[in-house]
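Peer 1: here is the input, now give the coordinates:
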Amino acid sequence: QVQLVESGGGLVQPGGSLRLSCAASGFTVAHHAIGWFRQDPGKEREEISCLASSDGSTYYADSVKGRFTISRDNAKNTVYLEMNNLNPEDTAVYYCAAGTYYPDRYWGQGTQVTVSS
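Peer 2: Numbers count the residues shown, from 1 in each chain. Just a heads-up that it's a prediction; the model follows:
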């Protein structure tokens, strides 16, 4: 059974950091494109970062570039999103996803990130 389970969300003050984890089962993350998306109520879902399986190349949305880092631990079959210098505009439900060439086939349930003082 394919499953993605996010964790690591929570409440953090502006300027703080969080690391989100996405534990995969039923497939191998090393062989799939992995992505992180976020969505705030009333807004469209935003693709914020992707990690290709073929060459390990990465993509970051301009809104998170320089602050967020995507990584993968093949031994743990887990993907991470390190988030630094968070601001209130980063508040959203964060989802990880995976797919053969683009991360749109398997989805996690999401984890809430709230940035507030």
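Peer 1: burial check on Y102, number of neighbours?
Peer 2: Taking other CB atoms under 10 Å as the neighbour definition, Y102 ends up with a count of 14. Where you see a C-beta, it was placed from the backbone N, CA and C, and this is true even at glycine.
Peer 1: that one belongs to a helix?
Peer 2: No: going by DSSP: H, G, I helix; E, B strand; the rest coil, the assignment for Y102 is coil, not a helix.
Peer 1: got a pLDDT number for the residue nearest to it when sequence neighbours are not counted?
Peer 2: With CB to CB, 6 or more residues apart in numbering as the criterion, Y102 has its nearest non-adjacent residue at 5.5 Å, and that residue is A33. Predicted confidence (pLDDT) at A33: the value is 95.
Peer 1: ditto for the one 10 residues further on
Peer 2: K43 carries a pLDDT score of 90 in this model.
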